[in-house]
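J.: sequence-free structure coming up:
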């Protein structure tokens, strides 16, 4: 049984894990950088350990420092949250070697699904529908030109070991392939230590749909519905909702079934998401699998009443799943908006001192944040400072509650993307539920959103 957990993350997700620990009677221990010394996750943990200077490479990404903190504080387990070390197979292996329970899937799951080319191969074996593309990493510009010619432009270059839009380039014409391949490879090497790139057909106007999965170590695996993640810029999500407005029930159930089929093929356990692209005809294609809790997990919690972080902890400790697929119900509609410290027009990060901070309240409103009116938003970390989550009886009520919430949210001292989020909520395509990953091209037509 897990009695103490080192929370190997920061910000709102660190707080979220701490709340789950409190519910379960588990001792939460925080780690922090020198820049985060006064952060809320440090204050609310039972104990906290400084693991280095502000830059993530010297603190939150320093495996030796994180493991040393876990051993010094005599914890039983480590929860990596999302981002940072959450999909680092070596970190999971080191934790287990040191006798710590890693709250997530096995290192092998992380490694195999983190390699996008390997993941594609495995899901092809499982029978999931695939986008036409290279069977493995592209090793040269000449090969890139050959594969692109065979599947037809436009094509998408993607980092084999990456995610979050890093090492990703859309190539519209043959004369762009050389520069795009070189740039994507360099970016992949810089961000993931692996410059391998693979290629697939680029869908002009797809929807990005992900399915929430949860499995235990006893062979039980279920889905908790899908999430619409198509409101993005530079492959970074801004708004997510569930259920997806643009799918028929038949299409929705087909995606659920393929997600479960793919994860079952791996004997997967813990929380994870199977990601798909859906074309204009409603046909879906496997894209990737994320082997961690997602930023947008709260909207699934709102419609299912399942605490995903608690369940992660319980199954990591060896407990069987507490419910079956038939016991999972879906009620109403939920939407999440990510509040980022950034210029709403240029999209450039806008760190600085928050001087006033007021979160919205009222029926159906939840705000996950570690910010307050004395927070300094550091340039060292991701620009997201809060997640506003709303739940309504239907999509119309959820949209109304999100508009009201954004109008009531006060953040002074820094610039945020709240004006941009308001524009999205007023867009006719979003209101109708008829939109895709290019919605932001219409809202910000002069911005470079391809990455």
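T.: That came in fine, so what should we check first? These numbers come from a predicted model, not from an experiment.

J.: what about the helices in the stretch 1-150 of the chain?
T.: Secondary structure of the stretch 1-150 of the chain (DSSP state H, counting those that start in this stretch): helices at 11-24, 40-44, 63-72, 89-97, 107-114, 116-125, 141-151.

J.: got the angle between the fifth one and helix 116-125?
T.: The directions of helix 107-114 and helix 116-125 differ by 100 degrees, with axes from the mean of the first three to the mean of the last three C-alpha atoms, to 10 degrees as the criterion.

J.: buried sites along helix 107-114?
T.: In terms of neighbour count (16 or more other C-beta atoms under 10 Å), helix 107-114 has its buried residues at 107, 109-114. Bear in mind the C-beta positions are built from the backbone N, C-alpha and C, glycine included.

J.: I'd like those residues laid out as CSV, including pLDDT.
T.: Supplementary listing: those in CSV, determined by pLDDT from 0 to 100:
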residue, pLDDT
107, 97
109, 97
110, 97
111, 96
112, 96
113, 95
114, 92
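
J.: any idea of the mean pLDDT in stretch 175-188?
T.: In this model, stretch 175-188 has a mean pLDDT of 91.

J.: And the contacts of it?
T.: Judged by C-beta atoms under 8 Å, 6 or more residues apart in numbering, the contacts made with stretch 175-188 from elsewhere in the structure are 138, 141, 144-145, 148, 157-162, 166-171, 194-197.

J.: domains of this structure?
T.: Per automatic domain parsing, the structural domains of the chain span 4-103, 132-201, 207-443.

J.: Return the member of these having the minimum mean pLDDT.
T.: domain 132-201 (a mean of 87).

J.: just how off-centre is that one within its chain?
T.: Averaging C-alpha positions (C-alpha atoms, centre = their mean, to the nearest Å) puts domain 132-201 22 Å from its chain's average.

J.: now do stretch 122-133
T.: Per C-alpha atoms, centre = their mean, the displacement of stretch 122-133 from the mean C-alpha position of its chain is 22 Å.

J.: Quick check: closest non-adjacent residue to the one residue sitting closest to the centre of the chain.
T.: Central residue check for the chain by C-alpha atoms, centre = their mean: the C-alpha nearest the mean position is that of residue 294, 3.9 Å away. Closest residue to residue 294 in three dimensions, ignoring its sequence neighbours and counting by C-beta to C-beta, 6 or more residues apart in numbering: residue 273, at 5.6 Å.

J.: Just want the phi and psi numbers for the one you found.
T.: Comment: the main-chain dihedrals of residue 273 come out as phi -130, psi 140, following degrees, to the nearest 10.

J.: Please report the distance of it from residue 255.
T.: Separation of residue 273 from residue 255 (C-beta to C-beta, to the nearest Å) stands at 12 Å.

J.: So those two - more neighbours on which side?
T.: residue 273 (26 against 23; other C-beta atoms under 10 Å).

J.: what bridges to that one?
T.: When bridges are taken as DSSP bridges, the partners of residue 273 come out as residue 212, residue 290.

J.: dump the residue contacts of it.
T.: Under the criterion of C-beta under 8 Å, 6+ apart, the contact partners of residue 273 comprise 210-213, 227, 289-290, 294.

J.: Is residue 27 bridged to anything, and to what?
T.: Residues in a beta bridge with residue 27, per DSSP bridges, are residue 4.

J.: For it, give me its contacts.
T.: The contact partners of residue 27, taken as C-beta under 8 Å, 6+ apart, are 3-5, 21, 46-47, 75.
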